[in-house]
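Q: sequence unknown, structure follows:
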């Protein structure tokens, strides 16, 4: 683990809003609110693949949840649904590494929002993501 933080940073606690899948995986954390909302994960045994590294599906779940929650916090609680997510995996993480998501920018166009972000372990880039969200109030089943 190069430049990796191996503990939950001060001020982080259980994620602000959970779900059955997040409860099953465990470890999702948040700190702050609004523009200062941060989302992270201390990689634990339930987050690993068969090779003992961070599972790509956990990476995708963390990015999806974090980007949605942070975007909602920055826009007054407006809820959106994920329509498409593209992830470029750049490295992996090990058990005990602290991961944090950065929401770099978001572009709104009507009921759609395209958000860009990164998953980091310390200064190391783990993944880059773009997520297309649609306004939940206009979504249909």
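A: Here it is on my side, so go on. Given the structure is predicted, the values throughout are model-derived calculations rather than measurements. Numbers count the residues shown, from 1 in each chain.
Q: quick one, what contacts residue 56?
A: With contacts defined as C-beta atoms under 8 Å, 6 or more residues apart in numbering, the neighbours of residue 56 are 49, 87, 89. Where C-beta positions appear, they are placed from N, C-alpha and C, glycine not excepted.
Q: quick one: contacts for the first one?
A: Just to be clear, that refers to residue 49. For residue 49, the contact set (C-beta under 8 Å, 6+ apart) comprises 55, 56.
Q: same thing with residue 53?
A: Neighbouring residues of residue 53 by C-beta under 8 Å, 6+ apart: 92, 93, 94.
Q: Please check those and keep the buried ones.
A: Buried members of the contacts of residue 53, scored by 16 or more other C-beta atoms under 10 Å, are 92, 93.
Q: what's the spacing between residue 26 and residue 61?
A: 12 Å (C-beta to C-beta, to the nearest Å).
Q: Check the burial of residue 113 by counting its neighbours.
A: 21 (other C-beta atoms under 10 Å).
Q: How far does the top helix by length along the chain sit from its chain's centre?
A: For the chain, the longest helix by residue count, based on DSSP state H, is helix 56-74. Its chain's C-alpha centre and that of helix 56-74 lie 3 Å apart, by C-alpha atoms, centre = their mean, to the nearest Å.
Q: Check which residues of it are buried.
A: Within helix 56-74, the residues scored as buried using 16+ other C-beta under 10 Å are 58-74.
Q: now swap in stretch 112-124 and tell me
A: Buried residues in stretch 112-124, counted by 16+ other C-beta under 10 Å: 113, 115, 116, 117, 118, 119, 120, 121, 124.
Q: do the same with stretch 36-44
A: 37, 38, 39, 40, 41, 42, 43.
Q: pretty sure the third one is in a helix, no?
A: What it means is residue 39. No - using DSSP: H, G, I helix; E, B strand; the rest coil, the assignment for residue 39 is strand, not a helix.
Q: Run through the residues that contact it.
A: The neighbours of residue 39, taking C-beta under 8 Å, 6+ apart as the test, are 15, 28, 29, 30, 62, 65, 66, 69, 70, 100, 101.
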